[in-house]
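Novice: what shape does this take:
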Amino acid sequence: MTTPTRIANARAAARSYAPKPNGTALTYGLIAAALTTAAAIIADAYFRTDVVGRPVGLAVIATLAFASGAVFRFWRQRRYVGAFRAEYVKRTPTAPVSVPAISGEPAGVKGAHGSDEELEFVTFRSAFLLPGLTETHPPGTFEVRLRKEPLDVSWGAFRLIKTIMLTGHGVIEALEVKEDDLAAALKHDANPPQ
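Specialist: All right, here's what the predicted structure looks like:
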């Protein structure tokens, strides 16, 4: 998996459980101060207290709320960065990526960076071994995703990336595989040694 793809996949996964904060600490602080001031004014009207008549107290409350909003934004950013790092490490090229089993996506879905993905299926009749696997994988029918990733050149060019989705033990392992390696494994499966 290329680094830009790995980064995009890690960002998407991290955002699913630790959303990246939108806006700056100033924005978070101003929103917190405005909401707290509005709540103080409403409470003043409802409980007939004299909060509005004491602007210093209202300013202190708004300042504390501003600081709390800025700290909250900082906390969310740290949580997102930690989640991103964890997801990026999961996607290192030394091992296949394990993700929870999910239902298949329809053909022609947009992949990372807006690239088109095509789906195909391959069937292995016996246990097989692909580069990147540490042990043989049980036979079965597996989804292969073909993605055209645009190259950063001045003319239209792309790189074909194949990813085989290996299922087993309640997870799906996404393993990038070269077309030649996949073809050799399928040929070996069709004509096993005697």
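Novice: buried residues, stretch 29-38. List them.
Specialist: Residues of stretch 29-38 classed as buried: G29, L30, I31, A32, A33, T36, T37 (neighbour count, 16 or more other Cβ atoms under 10 Å). Quick note: C-beta positions are derived from backbone N, CA and C, even for glycine.
Novice: from the residues you listed, pick the one nearest L182.
Specialist: I31 (51.8 Å; Cβ to Cβ).
Novice: in the helix or strand where N9 lies, which residues are buried?
Specialist: Assessed by DSSP states H and E, N9 sits inside helix 3-17. Residues T5, R6, I7, N9, A10, R11, A13, A14 are the ones in helix 3-17 that count as buried (16+ other Cβ under 10 Å).
Novice: which ones are touching the last one?
Specialist: With contacts defined as Cβ atoms under 8 Å, 6 or more residues apart in numbering, A14 is in contact with K20, Y80, A83, F84, A86, E87.
Novice: are any of those residues buried, and which?
Specialist: Using 16+ other Cβ under 10 Å, the buried ones in these are Y80, A83, F84, E87.
Novice: for the helix or strand where the last one lies, name the packing helices and strands.
Specialist: When you say that, I think you mean E87. E87 is part of helix 55-90, with elements assigned from DSSP H and E. Packed against helix 55-90, as judged by 3 or more Cβ pairs under 8 Å, 6 or more residues apart in numbering; DSSP states H and E, are the following elements: helix 3-17, helix 25-47.
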